[in-house]
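Chemist: This is the structure alone, sequence omitted:
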């Protein structure tokens, strides 16, 4: 988690989801709460799968990379985060599709270069 109230601005925390919001407790004993109605969700991190729950003024960010975190948020918030979670899911789907399209494009380009190079080599033996 990230917070202005933590030394160095960040700390590991144990996350608990309640009916009213997200709670994060650090090993040092600090406890932070983020009500669902103040939670702004974002996807990010190196994997693109980290769910960031931010306070609107960004003074507190609680994040989790567990695969079931979205589902747990949906259940515990009782629909309070449904629209944001839907948007995250759509964005993740678009990003996966773009990644597949890019990968297929690279494969197609490599195939064309390989075929073109091989064809050129066999048709012009005097050049080599």
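Modeler: Received, thanks. This is a predicted model, so every value here is computed, not measured.
Chemist: Tell me the backbone dihedrals of the closest residue in space to residue 38 that isn't next to it in sequence, please.
Modeler: Distances taken as CB to CB, 6 or more residues apart in numbering place residue 55 nearest to residue 38, at 5.6 Å, with adjacent residues excluded. To be clear about C-beta, it is placed using only N, CA and C from the backbone, and glycine gets the same treatment. With angles defined as degrees, to the nearest 10, residue 55 sits at phi -70, psi 150.
Chemist: the helices in the chain, which residues?
Modeler: In the chain, the helices defined using DSSP state H lie at 69-76, 82-123.
Chemist: now, of those, which is deepest in the fold?
Modeler: Each of these was assessed for mean neighbour count using mean count of other CB atoms under 10 Å. The highest is helix 69-76, with a mean of 16.
Chemist: what's the angle between that one and helix 82-123?
Modeler: 160 degrees (axes from the mean of the first three to the mean of the last three CA atoms, to 10 degrees).
Chemist: Any stretches of the protein with poor pLDDT?
Modeler: 92-96, 121-122, 124-128 (pLDDT under 70).
Chemist: returning to that earlier point: distance to residue 59 for the helices of the chain - can I get that in TSV?
Modeler: Formatted as TSV, the helices of the chain follow (distance: least, CB to CB, whole Å):
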stretch	distance to residue 59
helix 69-76	20
helix 82-123	19
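Chemist: can you tell which of those is closest to residue 21?
Modeler: Proximity to residue 21, assessed across those by CB to CB, is greatest for helix 69-76 (8.8 Å).
Chemist: what's the offset of the closest one from the middle of its chain?
Modeler: 15 Å (CA atoms, centre = their mean, to the nearest Å).
Chemist: Return the list of helices and strands in contact with that helix.
Modeler: strand 13-17, strand 50-54, helix 82-123 (3 or more CB pairs under 8 Å, 6 or more residues apart in numbering; DSSP states H and E).
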